[in-house]
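Chemist: The following block contains a protein sequence and its predicted model.
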Amino acid sequence: MKKYCLVLTLVFVFTHSDVCSQTRDSLLGVYDHSTIYRFGNAFMKGNQRLTYNDLAFEFTSPRTFEMYQKSKRRIRISRVLNFSSIAVIIVSVFTHTNVKGSIEFAVATGTLGLGALYFQTESGKYIDRAIWEKNRDILLGQKVE
């Protein structure tokens, strides 16, 4: 009988103690005010809207900042390829060429557009991964270096 009372007391103490756990309210507060998420083309942290350049100050760990830098490089390459594609279209309108020349312009425009799409997709993957790792570190309470 003494063992059962001791076991029952221990179960009661462990189920009602908050020694090693976070309260739901504190975790919800951290989630609402500290995590970053996408909101269309913008980024949100709490009620604050962040631009792509503002994210540089949010990534404090070397790993997430490196992913942000890779994302930024790839989005720059994507923009250059997009503008080049538009330039090829403009040149093709003002250049009077035969059928073969028109086909070459179309192929060049398509190739540049597909290259831009590839780099834009890669940029999105890197920034999403960086945001995911930052949010994971915040929610798990790990120290961000």
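Modeler: Structure's in. What do you need? Residues are numbered from 1 along each chain as shown.

Chemist: which residues in the protein form helices?
Modeler: 2-16, 24-34, 62-94, 99-139 (DSSP state H).

Chemist: Can I get the ones you listed in a markdown table including mean pLDDT, mean neighbour count and distance to residue 53?
Modeler: The way it works is simple: take the backbone N, C-alpha and C, and place the C-beta from them, glycine included. Below are these laid out as a markdown table (pLDDT from 0 to 100; neighbours: other C-beta atoms under 10 Å; distance: least, C-beta to C-beta, whole Å):
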| stretch | mean pLDDT | mean neighbour count | distance to residue 53 |
| --- | --- | --- | --- |
| helix 2-16 | 69 | 9 | 48 |
| helix 24-34 | 75 | 12 | 20 |
| helix 62-94 | 93 | 16 | 9 |
| helix 99-139 | 91 | 16 | 12 |
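
Chemist: Once you drop chain neighbours, what's closest to the residue nearest the centre of the chain?
Modeler: With distances taken as C-alpha atoms, centre = their mean, the residue of the chain nearest its centroid is residue 128 (2.2 Å). Nearest residue to residue 128, sequence neighbours excluded (C-beta to C-beta, 6 or more residues apart in numbering): residue 38, at 7.7 Å.

Chemist: Quick one: residues contacting the one you found.
Modeler: Residue 38 is in contact with 44, 128, 131, counting by C-beta atoms under 8 Å, 6 or more residues apart in numbering.

Chemist: The last one touches residue 45, doesn't it?
Modeler: The reference is to residue 131. No: the criterion here is C-beta atoms under 8 Å, and residue 131 misses it with residue 45 at 9.9 Å.
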